[in-house]
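Student: Dropping a prediction and its sequence here:
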Amino acid sequence: MTLDALLAILHHWLAFGLVGLVMAEWAILRGAACADTVRRIARVDLFYGIVAGLLLLVGIARVVYGAKGLAFYTGNPVFWLKVALFALAGGASIVPTIRFIRWSRANQASGALPEAAAWQSTRKLVVWELHALAGVMICAALTARGIGH
């Protein structure tokens with residue numbers, strides 16, 4: 001197997017894993033907050049951060065070491081839109097991540113649960129992450145076919 005194929009496989013596994021983890025957060029946030037859901041969403045979000053970091057590293061490796069070459073990607077505005085949307089998804093995840101950590105710590109310390117309004121507003125932010133990631137996927141398909149070049 002070539003390095004390009006291996007990087008592509010890893011990139012796709014991580015990308016689909018990332019979407020699955022954000023979908024899991026969304027699904028958890030659809031229900032009511034309880035001690036179990038607070039612990040579960042904090043754990044899911046930890047894996048989300050790990051997968052996002054790995055996805056970024058493998059994506060960079062694909063750009064630098066992949067068969068299409070650096071010029072194929074850096075000269076394509078659709079690729080840069082993909083990068084911007086990925087950054088937007090990452091930025092949108094900051095507030096939920098901070099909340100998940102705070103909620104988990106407060107729940108462990110005193111059994112406190114998040115307020116319903118904060119729980120719902122966090123769900124809305126996660127939906128925005130999903131929208132940004134949908135845009136990433138669209139741009140990925142377009143970039144792979146040389147559209148925008």
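Tutor: That came through fine.
Student: C-alpha only now, for contacts and for neighbours.
Tutor: Noted.
Student: could you give the mean pLDDT of the helix or strand where Leu57 lies?
Tutor: Using DSSP states H and E, Leu57 maps to helix 35-65. Average pLDDT, helix 35-65: 97.
Student: Go ahead and measure how far it is from the middle of the chain.
Tutor: 7 Å (C-alpha atoms, centre = their mean, to the nearest Å).
Student: which is the next helix or strand following that helix?
Tutor: Helix 35-65 is succeeded, C-terminally, by helix 70-74 (DSSP H and E).
Student: same for that next one, what does it pack against?
Tutor: The contact analysis (3 or more C-alpha pairs under 8 Å, 6 or more residues apart in numbering; DSSP states H and E) places helix 70-74 against helix 35-65.
Student: Spit out the contact partners of the residue nearest the centre of the chain.
Tutor: Central residue of the chain (C-alpha atoms, centre = their mean): Leu18, 4.9 Å from the mean position. Residues in contact with Leu18 (C-alpha atoms under 8 Å, 6 or more residues apart in numbering) are 48, 51-52.
Student: Pull the distance from the helix or strand Leu21 falls within to the chain's centre.
Tutor: In the assignment (DSSP H and E), Leu21 maps to helix 3-30. With C-alpha atoms, centre = their mean as the basis, helix 3-30 stands 8 Å off its chain's centre.
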